[in-house]
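[1] sharing a model that was predicted from the sequence below.
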Amino acid sequence: MGRIRARDTKPELAVRSQCHSMGLRFRLHRKDLPGSPDLVFPKHRLCLFVHGCFWHRHHGCQYAYTPKSRLEFWLPKLARNTERDKENEAALVALGWRVMVVWECETRNKQALQNKLSGIIERLD
């Protein structure tokens, strides 16, 4: 697990590239915000998280499988990840930020990703 990166992952780079090509400007991994969001759009007061389907338990996704071995390790670990996500989202909302999540599986189709990001930004304006 030491080789699992927290930033500059392939899905995150895809989202960053798409946002930049759409003319959106953002800040990366602001440590002064709860959860250190992957992308922060200060102009829109929007925090965007790019979650891995396995690590953050994307409900109904084929990539959010449960490992077959060492369940005593994995189940509490994955449950704590989702709990932490909810805590961070609640803290950001309390600070007046909007929170959106882009899932890893949504970054595989470039057109679908662009449509999702366009929809997010249109709702803000």
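    On my side now, so go ahead. Numbers count the residues shown, from 1 in each chain.
[2] now tell me what touches the helix or strand where residue 13 lies from outside.
    Under the criterion of DSSP states H and E, residue 13 resides in helix 10-21. Contact partners of helix 10-21, identified using Cβ atoms under 8 Å, 6 or more residues apart in numbering, comprise 26, 28, 38-39, 48, 50, 52, 102, 104, 107, 110, 113-114, 117. Where C-beta positions appear, they are placed from N, C-alpha and C, glycine not excepted.
[3] and residue 100, how far is that from residue 9?
    Here residue 100 is placed at a distance of 17 Å from residue 9 (Cβ to Cβ, to the nearest Å).
[4] name the residue in the two with the higher neighbour count.
    Legend: neighbour count by other Cβ atoms under 10 Å for residue 100 and residue 9, higher for residue 100 (19 against 16).
[5] buried residues, the strand or helix carrying the more buried one. List them.
    If you go by DSSP H and E, residue 100 is part of strand 98-103. Neighbour counts over strand 98-103 (16 or more other Cβ atoms under 10 Å) mark 99, 100, 102, 103 as buried.
[6] can you put the residues you listed in JSON lines and add distance to residue 75?
    Converted to JSON lines, the buried residues of strand 98-103 look like this (distance: Cβ to Cβ, whole Å):
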{"residue": "99", "distance to residue 75": "25"}
{"residue": "100", "distance to residue 75": "27"}
{"residue": "102", "distance to residue 75": "25"}
{"residue": "103", "distance to residue 75": "21"}
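[7] report all helices and strands that the top helix by length along the chain contacts.
    When the chain is scanned for its longest helix (criterion: DSSP state H), the result is helix 71-94. Counting contacts by 3 or more Cβ pairs under 8 Å, 6 or more residues apart in numbering; DSSP states H and E, helix 71-94 packs against strand 46-51, helix 53-56, strand 98-103.
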